[in-house]
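[1] Okay, sequence plus prediction incoming.
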Amino acid sequence: MSLRRPFLLALSTVCAGAALGAASLAFAAMPASAAVAMSQASPVAASAAAASTADDPGPAYGPELQGFNYPAPVQRFEFTSQGVPLQMAYMDVKPAHANGRAVVLLHGKNFCAATWDATIRRLSDAGYRVIAPDQIGFCKSSKPEHYQYSFQQLARNTHALLESLGVSGVTVVGHSTGGMLAVRYALMYPHETQQLVLVNPIGLEDWKAKGVPSLSVDQWYQRELKTTADGIRRYEQATYYAGQWRADYEPWVQMLAGMYRGPGKQLVAWNSALLYDMIYTQPVVYEFGQLRMPTLLLIGQKDTTAIGKDAASLEVRAKLGHYPELGRAAAKAIPHATLVEFAGLGHAPQMQDPDAFHKALLDGLAAVPGNR
């Protein structure tokens, strides 16, 4: 498959009929250049997007999540990386009564900055300045046609954002894939990371070394093209929430599924495929011993997340995603770690039990002085 194919397919026209009415509204906020490109694109892609919307009813959003509202004003950091002009969307929430500390929230693979909504409010109420970016390739940020994704690159992008805001000396909080990025950031910028907080991070094990087979970027792309709200919901209920489901999880399902219903579906799927390849091929678990800052591990014990486990044999699957064991091993490997376990919670404790999670988070932050 040509690397240009997903991008060209992504640039689809939004005039494919009534089935794409919601997508057309979502794209009203797009830059004029992008709208022009879409108007010149293949009608085949438009038909594919329309079919996706018909098969998976619900809101349709643009490839940069146009049409989905965030809980705070969204700003954009414009920069050039790998020769490509990019923009990183972020929220910068300043507290009414500042305590002098800043917290950076790094989202997971199936999450966005918006999913930190409750955490942003709790931290802001406690006096913390909160910066929550969407990483390149995710949500409201750029999804380039070509990009060499690495956790080092995403860490550099995040550091450049903080420099542009004049912010240094931060607590870095990473959830899920954001936990892998948070570890890499802390390793690259140890003197600017006052504290590291890992919330059910993935990457506590090396799936490749444990026998999960490699999938090519093309294979990941084909899998991602099949994304639907039902598929997201079933996966998250089984893997993230120990079989439970609540209505307040549904908006986050629709947030993700909406990008796959819109005319930017192919570009969203292509970037997602590149990101899965990054996650699989760039483990951080072997470097935990190099972390020197205070590290707080907040681990839901019912989590079973493991990238690519559905492609593995039953024998290999049985060895993956045992978070009680993985959390304790990480706490042992990281020199200055504190482990907090949530017995009944899964992959997203901040969403499942916000009160218990935020008490543990705020207590952990308060235990570390503002300056080391």
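    All right, it came through fine.
[2] Now stretch 83-103: buried residues?
    86-93, 101-103 (16 or more other Cβ atoms under 10 Å). C-betas here are computed from N, CA, C, even on glycine.
[3] Which one of those is nearest to Ala247?
    Using Cβ to Cβ, the shortest approach to Ala247 within the buried residues of stretch 83-103 belongs to Met91, at 24.3 Å.
[4] Is it correct that the closest one is in contact with Phe77?
    No. Judged on Cβ atoms under 8 Å, Met91 makes no contact with Phe77 at a distance of 11.6 Å.
[5] which residues are in contact with both of these two?
    Pro133 (Cβ atoms under 8 Å, 6 or more residues apart in numbering).
[6] residue boundaries of the strands in this protein?
    Remark: strands assigned in the chain by DSSP state E are 75-81, 84-93, 102-106, 129-133, 170-175, 193-199, 295-300, 337-342.
[7] Can I get the buried residues of stretch 83-103 in JSON lines including pLDDT?
    Listed next are those as JSON lines, based on pLDDT from 0 to 100:
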{"residue": "Leu86", "pLDDT": "98"}
{"residue": "Gln87", "pLDDT": "98"}
{"residue": "Met88", "pLDDT": "98"}
{"residue": "Ala89", "pLDDT": "98"}
{"residue": "Tyr90", "pLDDT": "98"}
{"residue": "Met91", "pLDDT": "98"}
{"residue": "Asp92", "pLDDT": "98"}
{"residue": "Val93", "pLDDT": "98"}
{"residue": "Arg101", "pLDDT": "97"}
{"residue": "Ala102", "pLDDT": "98"}
{"residue": "Val103", "pLDDT": "98"}
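[8] Just name the closest of these to Thr115, please.
    Met91 (11.7 Å).
[9] May I have the residues that are in contact with that closest one?
    With Cβ under 8 Å, 6+ apart, Met91 has these contacts: 70-75, 113, 120, 130-133.
[10] Can you tell me the closest non-neighbouring residue to it?
    Closest residue to Met91 apart from its sequence neighbours, by Cβ to Cβ, 6 or more residues apart in numbering: Ala72 at 4.3 Å.
[11] Kindly reformat the strands of the chain as JSON lines containing distance to Ala366.
    Shown next, in JSON lines, are the strands of the chain (distance: least, Cβ to Cβ, whole Å):
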{"stretch": "strand 75-81", "distance to Ala366": "28"}
{"stretch": "strand 84-93", "distance to Ala366": "19"}
{"stretch": "strand 102-106", "distance to Ala366": "12"}
{"stretch": "strand 129-133", "distance to Ala366": "16"}
{"stretch": "strand 170-175", "distance to Ala366": "11"}
{"stretch": "strand 193-199", "distance to Ala366": "11"}
{"stretch": "strand 295-300", "distance to Ala366": "11"}
{"stretch": "strand 337-342", "distance to Ala366": "12"}
